[in-house]
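>>> What would the 3D arrangement of this be:
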Amino acid sequence: MRQQFAGEDVPLLYYSDDNPNEDFDVLDGDPGEAFSVWRQECARSRQIVAEAPSLDETGTEKPSGEPISLRRILVGMIGEYAQHVGHADLLRERIDGATGN
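Okay, here's the model as predicted:
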């Protein structure tokens, strides 16, 4: 959101060219700090969306350099969240054995 749509020059979180799987490989961080960073990123993304005049406004897709609409970015984010929430639910189920009905 911040890089592709708002054009902000911010570093990628939990990623580097030296370790592109850092977000999966390095698990020794502080969970409270990670949640704080996530909440801050969510708040900034909400602000960006609220200030956009239309979902048809475009930013620049990384790494293609092609235009990408705010609508497309949001649809992609919804899909990513759904996928990861499903993963988290599977992990939680393995921990406590509870399943949904």
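
>>> From the contact counts, what lies against the lengthiest helix in the chain?
Residue-count comparison of every helix in the chain, with assignments taken from DSSP state H, identifies helix 70-96 as the longest. Taking 3 or more C-beta pairs under 8 Å, 6 or more residues apart in numbering; DSSP states H and E as contact, the helices and strands that helix 70-96 lies on are helix 31-51, strand 58-60. Where C-beta positions appear, they are placed from N, C-alpha and C, glycine not excepted.

>>> center of this structure, which residue is that?
Met77 (6.4 Å; C-alpha atoms, centre = their mean).

>>> gap between the closest residue to it other than its chain neighbours and Asp28?
Leaving out its chain neighbours, the residue that sits closest to Met77 by C-beta to C-beta, 6 or more residues apart in numbering is Met1, at 7.3 Å. Counting by C-beta to C-beta, to the nearest Å, the gap from Met1 to Asp28 is 27 Å.

>>> do Val85 as well
For Val85, the distance to Asp28 (C-beta to C-beta) stands at 24 Å.

>>> can you check Asp56 too?
From Asp56 over to Asp28 the distance is 43 Å, taken as C-beta to C-beta.

>>> So between the two, which is more surrounded?
Comparing Asp56 with Asp28 by other C-beta atoms under 10 Å, the one with more neighbours is Asp56, at 10 against 4.

>>> So in terms of bridging, what pairs with the nearest residue to that one once chain neighbours are set aside?
By the measure of C-beta to C-beta, 6+ apart, the closest residue to Asp56 outside its immediate chain neighbours is Ser69, 5.6 Å from it. Assessed by DSSP bridges, Ser69 has beta-bridge partners Thr58.

>>> Lowest mean pLDDT among the helices and strands of this structure, which one is it?
When the helices and strands of the chain are scored by mean pLDDT, DSSP states H and E, helix 22-25 comes last with a mean of 77.

>>> chain center to that helix, what's the gap?
Using C-alpha atoms, centre = their mean, to the nearest Å, we find the averaged C-alpha position of helix 22-25 to lie 14 Å away from the chain's own average C-alpha position.
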